[in-house]
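Peer 1: Coordinates only, no sequence provided:
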């Protein structure tokens, strides 16, 4: 029928009305089977690492030839460690001394500011008393001069 313009049904499957299918089925149909992760090989237990108290197990002293790479390790000797420790202690002592000196300077500055504050406070009180006395004397003289007129 060439002239038939009626809407035709789609030939693709309708996923919305499939009640038994799950969303995983959709992925399976569209993309093929979902690959599964391969199992890891099982490892045998290494056993316990318990050593008895009486066992003579301890660090093994090794000596290396002078041209062996392991003897050229950048590890520090005990003298190097002691000198580094001494330098660190000296640096800490210098830093502590500098902090103590700055603390003394701050303490002296605080004392000077306190003394200046007390001095200015005393001057302020003196001036307040002086002005108050002037006001009372000016009131007395003003009232006596009015009484004479």
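Peer 2: Structure received. What you see is a predicted model, and the numbers here were worked out from it, not measured in a lab.
Peer 1: which residues in the chain form strands?
Peer 2: With DSSP state E, there are no strands along the chain.
Peer 1: Name the single longest helix found in it.
Peer 2: Ordering each helix of the chain by length in residues (DSSP state H) puts helix 78-148 first.
Peer 1: Now for this protein, the helix or strand with the poorest mean pLDDT.
Peer 2: One helix or strand of the chain scores below all others by mean pLDDT, DSSP states H and E: helix 23-31, with a mean of 56.
Peer 1: coming back round to it: now the longest helix of the chain: average pLDDT?
Peer 2: Mean per-residue pLDDT for helix 78-148: 92.
Peer 1: same check, this time on stretch 54-74
Peer 2: 70.
Peer 1: What is the neighbour count of residue 140?
Peer 2: Counted with other Cβ atoms under 10 Å, the neighbours of residue 140 add up to 10. Heads up, the C-betas are built off the backbone N, CA and C, glycines and all.
Peer 1: Ok, residue 31 next?
Peer 2: Neighbours around residue 31, by other Cβ under 10 Å: 8.
Peer 1: Distance of it relative to residue 99?
Peer 2: Taking Cβ to Cβ, to the nearest Å as the measure, residue 31 falls 70 Å from residue 99.
Peer 1: How about stretch 102-114, which residues are buried there?
Peer 2: Buried positions in stretch 102-114, judged by neighbour count with 16 or more other Cβ atoms under 10 Å: none.
Peer 1: what sits up against it?
Peer 2: Taking contacts as Cβ atoms under 8 Å, 6 or more residues apart in numbering, no residue outside stretch 102-114 touches it.
Peer 1: Which phi and psi values does residue 37 adopt?
Peer 2: Main-chain dihedrals, residue 37, degrees, to the nearest 10: phi -70, psi 140.
Peer 1: That one and residue 31: what is the separation?
Peer 2: Taking Cβ to Cβ, one finds residue 37 at 17 Å from residue 31.
Peer 1: before we move on, what about residue 117?
Peer 2: Residue 117 is 85 Å from residue 31, by Cβ to Cβ.
Peer 1: residues near residue 91, how many?
Peer 2: 10.
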